[in-house]
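In: below: sequence and its predicted model.
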Amino acid sequence: MVAYVFDTVLTKGMQAGQVPARTTEARNWYRNTAQQVNTTPSRLMKENKSKFTTGTEPGSMMLFNYDPKLKRDLPYYDTFPLIFVVGPAKDGFHGLNMHYLPLKQRAMLMDALYELTTNSRYDDSTRLKLSYQLLKKAATYKYFKPCFKHYLHRHVKSRKMLIDSVEWDIALFLPIQRFQKASAAQVYSDSLRKAG
């Protein structure tokens, strides 16, 4: 029997009285629990085929396999970006790849982004109201800078897996980043410098 990461963690959380995304305590519970999960991005996607999508709806969170066009020139890159879609871009879309931040700053950015939800139901309709201009304006979103990336449709090498809003805090802290050409520590150090 396949162990479904999101279902397992959500069930444990609900049994512990933690309603996803509603309180700081609940967010922290899901984030801490997710860090202990042993999975890979490929396995996670295999377990969640029903969540595959072809779209890139702004404000949604998704995971996919990516092979950058300019990978030879990049100092490093993530082959399994976990992004919030910001909007369309030339030949692709812009997204915030949350993997580029260390966990503490990832949590801080996510807590700020929760202020931008389209509703407080945390259901299939919940998205973030994102735009580059909005993110750039507010100091509370300063950690977005190293996360903001341009993804080309032709270089997405898998189906895109949509992640429900009740699963955002779990996905954020799963150890599924796959950096190439540099260690996570190096990426995080550079990201903190870029964020200022």
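Out: In hand now; what should we look at?
In: grab the most central residue of the protein for me.
Out: The centroid of the chain falls nearest to L82 when counting by Cα atoms, centre = their mean (3.6 Å).
In: who does it bridge with?
Out: Residues in a beta bridge with L82, per DSSP bridges, are L63.
In: just K160 next, same as before
Out: T53.
In: mind checking how far it is from L174?
Out: Look at K160 and L174: by Cβ to Cβ, to the nearest Å, they are 17 Å apart. C-beta coordinates here come from the backbone N, C-alpha and C atoms, glycine included.
In: before we move on, what about K129?
Out: Following Cβ to Cβ, the distance that separates K129 from L174 is 25 Å.
In: these two: who's more crowded?
Out: L174 (24 against 12; other Cβ atoms under 10 Å).
In: let me see the contact set for that one.
Out: Neighbour list for L174: V5, A34, Q35, V37, T39, L44 [criterion: Cβ atoms under 8 Å, 6 or more residues apart in numbering].
In: could you pick out the buried ones from those residues?
Out: Buried members of the contacts of L174, scored by 16 or more other Cβ atoms under 10 Å, are V5, A34, V37, L44.
In: where does the closest residue to A138 other than its chain neighbours fall, secondary structure wise?
Out: In space, A138 comes closest to A112 once its chain neighbours are excluded; the distance is 7.8 Å by Cβ to Cβ, 6 or more residues apart in numbering. Applying DSSP states H and E as the criterion places A112 in helix 103-113.
In: report the buried residues of that helix.
Out: Neighbour-count burial for helix 103-113 [16+ other Cβ under 10 Å]: Q105, R106, A107, M108, L109, M110, A112, L113.
In: so who does the closest residue to T40 other than its chain neighbours touch?
Out: Excluding the flanking residues, the one nearest T40 by Cβ to Cβ, 6+ apart is I176, at 6.6 Å. If you count contacts by Cβ under 8 Å, 6+ apart, I176 has them with T39, T40, P41, L44, L63, F80, L82, H99.
In: now P81
Out: With Cβ under 8 Å, 6+ apart, P81 has these contacts: L63, F64, Y66, G95, N97, H99, K149, Y151.
In: hmm, 7 Å instead?
Out: F64, Y66, G95, N97, H99 (Cβ atoms under 7 Å, 6 or more residues apart in numbering).
In: T33 now?
Out: V9, K12, G13.
In: out of the residues you listed, list just those in helices.
Out: V9, K12, G13 (DSSP state H).
In: pretty sure P20 sits against V166.
Out: Yes - with contact defined as Cβ atoms under 7 Å, P20 reaches V166; the gap is 4.1 Å.
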